[in-house]
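Asker: Only the shape, not the letters, is given here:
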């Protein structure tokens, strides 16, 4: 399993990963590929199993962070939408008051 991180490129979309997060994911993927190439080395199966468990734990952690960032992005977008609805309702109300004056 290889982690994939995509940077959104829209004016109203937040980037999910950037900078050090993306670098760490790429480093983890490279290290995992290197581990797969080293399996034919003279390392014991126990050492390789421990290293693989370490990589899997890192992947799971970054996958959880990715999902949490998606959840946070959705919550931020919902808050922005609610705020915009309130502002538009207030604007309509003030236009109505102005028309009555």
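Answerer: Received it, and whenever you're ready, just let me know what you need. Please read all numbers here as calculations on a predicted model, not as lab measurements.

Asker: helix or strand right after the lowest-mean-pLDDT helix or strand in the chain?
Answerer: In the chain, no helix or strand scores lower on mean pLDDT, DSSP states H and E than helix 20-38, which sits at a mean of 64. Toward the C-terminal end, the helix or strand that comes next after helix 20-38 (DSSP states H and E) is helix 45-100.

Asker: Give me the helices and strands touching that next one, please.
Answerer: If you count contacts as 3 or more C-beta pairs under 8 Å, 6 or more residues apart in numbering; DSSP states H and E, helix 45-100 packs onto helix 20-38. Where C-beta positions appear, they are placed from N, C-alpha and C, glycine not excepted.

Asker: what stretches of this protein score poorly on pLDDT?
Answerer: In the predicted model, the chain carries pLDDT under 70 at residues 1-29, 31-43.

Asker: 50 - rerun?
Answerer: For the chain, applying pLDDT under 50 flags the ranges 1-18.

Asker: I'd like the distance between residue 94 and residue 87.
Answerer: Using C-beta to C-beta, to the nearest Å, residue 94 is found at 11 Å from residue 87.

Asker: If you could redo that for residue 48, that was the one I meant.
Answerer: In this structure, residue 48 and residue 87 are 58 Å apart, going by C-beta to C-beta.

Asker: Would you mind telling me which of the two has the busier surroundings?
Answerer: Between residue 48 and residue 87, residue 48 has the larger neighbour count (other C-beta atoms under 10 Å), namely 15 against 10.
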